[in-house]
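Chemist: coordinates for the following, if possible.
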Amino acid sequence: MTTSFDCSDPEGRSAGLARAQQAIAAKQCIVLPTDTVYGIGADAFSPQAVATLLAAKGRGRSMPPPVLVPRLQTMDGLAVDVSTEARALAEAFWPGGLTLIFHAQPSLTWDLGDTKGTVALRMPDDEVALDLLALTGPMAVSSANRTGAPAAQTAAEAQAQLAESVEVYLEAGPRPQEGSEGIPSTIVDATASPLRIVRAGAISVEELRAVVPSVLDLGEEPAPEVSDAGPEAEVTSPA
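Modeler: Predicted structure coming up:
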């Protein structure tokens, strides 16, 4: 039975977090606030739960959900080949509106969709979300709306779209603040070198470049390498 909890009230928040934890353990979907918009979440390690999430949104396996984590250190348990530059961005902008795409740990038994061996990770800057993640561990989370519809900025808006496909709704007021437009996270491909923005969002390219100057913007190509040798450089035959 679908239940909604008012997380602005301490008792409602405590009861809501406990019920949401139970729902995640039972492979059901929940709706939670994040620092960008509201999200629909499920156990990242349950293929059944992730399939339920994608079905609730009307989305196929070709659009796998990102994974929210409770702390920066979780990144090393879920990803491999984390570069110095990617780690610097995570340290600078987590918690916050930055999603990083990594090569996934090959030993993990999960199925997020057609990921081609990658995983998109983010640590949200929202107390309710972080409290829940501390209870549940990493969650697959996508914006709480039907595909093609506007992202929900309250749990009530999410419930109007997702209805009974979600077990628990955690209401914590508008996300972001009332009157602000819901801006998604910036997505950076950290499997590439140099790192590359693949979706513009809450963190600007200027902010990213203040930490990692080599980050490429949307559609930008790396500068061609210039050889030190001039046109008159001596040509030698291989030995």
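Chemist: wait, F5 sits on E167?
Modeler: No. Applying CB atoms under 8 Å, one finds F5 not in contact with E167, separated by 11.4 Å. Placement of C-beta: from N, CA and C, glycine included.
Chemist: quick one: residues contacting S62.
Modeler: Residues near S62 by CB atoms under 8 Å, 6 or more residues apart in numbering: 113-114.
Chemist: in a helix, it, correct?
Modeler: No. Counting by DSSP: H, G, I helix; E, B strand; the rest coil, S62 is not part of a helix but coil.
Chemist: the longest strand in the protein is where?
Modeler: The longest strand of the chain (DSSP state E) is strand 98-104.
Chemist: now the helix or strand just after that strand: mean pLDDT?
Modeler: Scanning forward in sequence from strand 98-104 by DSSP states H and E, the next helix or strand is strand 118-122. The average pLDDT within strand 118-122 is 96.
Chemist: circling back: list the helices and strands the longest strand of the chain packs on?
Modeler: helix 75-78, strand 79-80, helix 84-93, strand 118-122, strand 186-189 (3 or more CB pairs under 8 Å, 6 or more residues apart in numbering; DSSP states H and E).
Chemist: quick one, the third one and strand 98-104 angle?
Modeler: The reference is to helix 84-93. In terms of direction (axes from the mean of the first three to the mean of the last three CA atoms, to 10 degrees), helix 84-93 departs from strand 98-104 by 140 degrees.
Chemist: pull out the buried residues from helix 84-93.
Modeler: 85-87, 89-90, 93 (16 or more other CB atoms under 10 Å).
Chemist: tabulate those (JSON lines), appending pLDDT.
Modeler: What follows is the buried residues of helix 84-93, written out as JSON lines (pLDDT from 0 to 100):
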{"residue": "E85", "pLDDT": "98"}
{"residue": "A86", "pLDDT": "98"}
{"residue": "R87", "pLDDT": "98"}
{"residue": "L89", "pLDDT": "98"}
{"residue": "A90", "pLDDT": "98"}
{"residue": "F93", "pLDDT": "98"}
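Chemist: all the strands of this structure, residue numbers only.
Modeler: Counting by DSSP E, the chain has these strands, from start to end: 3-6, 30-32, 39-43, 67-68, 79-80, 98-104, 118-122, 139-143, 168-171, 186-189, 196-199.
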